[in-house]
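S.K.: structure of the sequence below:
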Amino acid sequence: MIREVLSDPRNQQEEVQALQDTIYVLGGKWKLPIINSLCNGNTRFREIERSIPGITTRMLSRELKDMEANQLIKRTVDPDIPSMIAYSPTDYCRSFGDIILEMIKWGKAHRELIKSL
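M.R.: Next up is the predicted model:
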């Protein structure tokens, strides 16, 4: 997998640009927790908000709009039920799922390492 991503010879400028693009789309304090919440089945705004300690209503709204613009999530409005809006991760977002799981594993291991010092 790594061979597929990295060029031979490696182009550091291209790799840095790719990392910056990733950080631009997924960076910040809230995007990964929002993705995690959506992938755990929270689809309504209040469900997502309650599942992420410390996020404000305004910040969640801003991040959801940004994530929708970057095609990470889909916003669906139910015309039969007023104010029924659901959010769901797109396939594009789900393609990042394995990386998020690895980040969670790494974060747990790191926390244990720091505790043991």
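S.K.: can you map out the helices along this protein?
M.R.: Using DSSP state H, the helices of the chain run over 2-5, 12-26, 31-39, 45-51, 57-69, 91-94, 97-116.
S.K.: so how far is residue 22 from the residue nearest the centre of the chain?
M.R.: Residue closest to the average C-alpha location in the chain (C-alpha atoms, centre = their mean): residue 32, at 3.3 Å. Distance from residue 32 to residue 22, counting by C-beta to C-beta, to the nearest Å: 11 Å. All C-beta atoms are positioned from the backbone trio N, CA, C, and that covers glycine.
S.K.: go on, residue 101?
M.R.: From residue 101 to residue 22 the distance is 16 Å (C-beta to C-beta).
S.K.: so where's the chain uncertain?
M.R.: Where the chain drops to pLDDT under 70, the residues are 1-5, 7.
S.K.: looking at the helices of the chain, which is closest to residue 79?
M.R.: helix 45-51 (17.4 Å; C-beta to C-beta).
S.K.: contacting residues around that closest one?
M.R.: The contact list for helix 45-51, computed with C-beta atoms under 8 Å, 6 or more residues apart in numbering, reads 34, 37-38, 40, 42, 55, 57, 60-61, 64, 85, 87.
S.K.: and which of those is nearest to residue 109?
M.R.: residue 40 (20.9 Å).
S.K.: check the gap between that closest one and residue 24 for me.
M.R.: Residue 40 is 25 Å from residue 24, by C-beta to C-beta.
S.K.: same check on residue 117?
M.R.: Note on residue 117: its distance to residue 24, by C-beta to C-beta, is 33 Å.
S.K.: and what of residue 100?
M.R.: From residue 100 to residue 24 the distance is 17 Å (C-beta to C-beta).
S.K.: neighbour count for these two, which is higher?
M.R.: Comparing residue 100 with residue 24 by neighbour count (other C-beta atoms under 10 Å), the higher total belongs to residue 100, at 17 against 10.
S.K.: quick one, what contacts the more buried one?
M.R.: Residue 100 is in contact with 32, 35-36, 39, counting by C-beta under 8 Å, 6+ apart.
S.K.: neighbour-wise, which of these leads?
M.R.: With neighbours taken as other C-beta under 10 Å, the top of the contacts of residue 100 is residue 35, carrying 20 neighbours.
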